[in-house]
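Undergrad: Here you go, sequence then predicted model.
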Amino acid sequence: MAKSVEATLESFNSVRTGRANASMLDRVDVDYYGTPTPLKSLAGISAPDASSLTIQPYDLSAMSLIEKAIQNCADLGMTPSNDGKVIRLNVPPLTAERRKEMAKLVSKLGEEGKVAVRNVRKAAMKTVDTMLKDKVISEDRKKVLEKGIQALTDENVKKVEAMVKSKQDEITKV
């Protein structure tokens with residue numbers, strides 16, 4: 001469950017909040033020699049200031065592929081400019097409408113995180129049922145384990161909800 005919560009937090013990092021952040025480009029995959037490759041493995045990404053990103057490809061022949069991948073990533077809303085060695089991205093300030101879209105995206109990612117936590121619960125409950133059927137544990141022990149699993153699930157779902165609220169507050173703050 002902790003891994004599910006952590007994965008949700010990582011997916012939140014790729015959502016724009018108005019400030020330039022290298023993790024905004026984590027979801028960009030470049031078609032590099034016919035294979036979808038994460039941008040961060042093809043180039044160094046840095047944020048020299050709060051409103052721009054610089055991308056320095058390790059292989060200069062991949063520059064046009066990187067530009068194309070950034071342009072095709074619809075939820076970024078940024079246009080790359082290239083000077084032959086470095087690709088620059090200006091991060092425009094978020095409009096009120098774009099902030100609402102980002103808040104909805106965070107909500108969706110949060111729901112996916114909660115579903116992942118619940119899937120872990122489901123697998124754990126199946127394991128407990130199997131242990132009871134194999135007579136490894138008693139009926140009473142099964143009930144105790146199920147209560148513990150449910151408590152852990154509730155705790156992790158609350159963590160995800162708190163992360164969603166925090167990220168939405170960060171996005172909507174101007």
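TA: All right, it came through fine.
Undergrad: Helix, strand, or coil at the residue at the greatest distance from the centre of the chain?
TA: The centre of the chain is farthest from one residue, residue 135, which by C-alpha atoms, centre = their mean lies 41.0 Å away. For residue 135, the assignment made with DSSP: H, G, I helix; E, B strand; the rest coil gives coil.
Undergrad: For it, give me the pLDDT.
TA: Residue 135 carries a pLDDT score of 89 in this model.
Undergrad: measure residue 62 to residue 37 for me?
TA: Distance check for residue 62 against residue 37: by C-beta to C-beta, to the nearest Å, it reads 9 Å. For glycine as for every other residue, the C-beta is placed from the backbone atoms N, C-alpha and C.
Undergrad: try residue 141
TA: Going from residue 141 to residue 37 by C-beta to C-beta gives 48 Å.
Undergrad: Those two: who's more crowded?
TA: residue 37 (18 against 13; other C-beta atoms under 10 Å).
Undergrad: which residues does that one contact?
TA: 29-31 (C-beta atoms under 8 Å, 6 or more residues apart in numbering).
Undergrad: next one: residue 168
TA: 103, 106-107.
Undergrad: Closest one to residue 66 out of the residues you listed, please.
TA: Checking the contacts of residue 168 against residue 66 by C-beta to C-beta gives residue 106 as the nearest, at 26.2 Å.
Undergrad: which residue packs closest to the closest one, ignoring adjacent ones?
TA: Closest residue to residue 106 apart from its sequence neighbours, by C-beta to C-beta, 6 or more residues apart in numbering: residue 167 at 4.8 Å.
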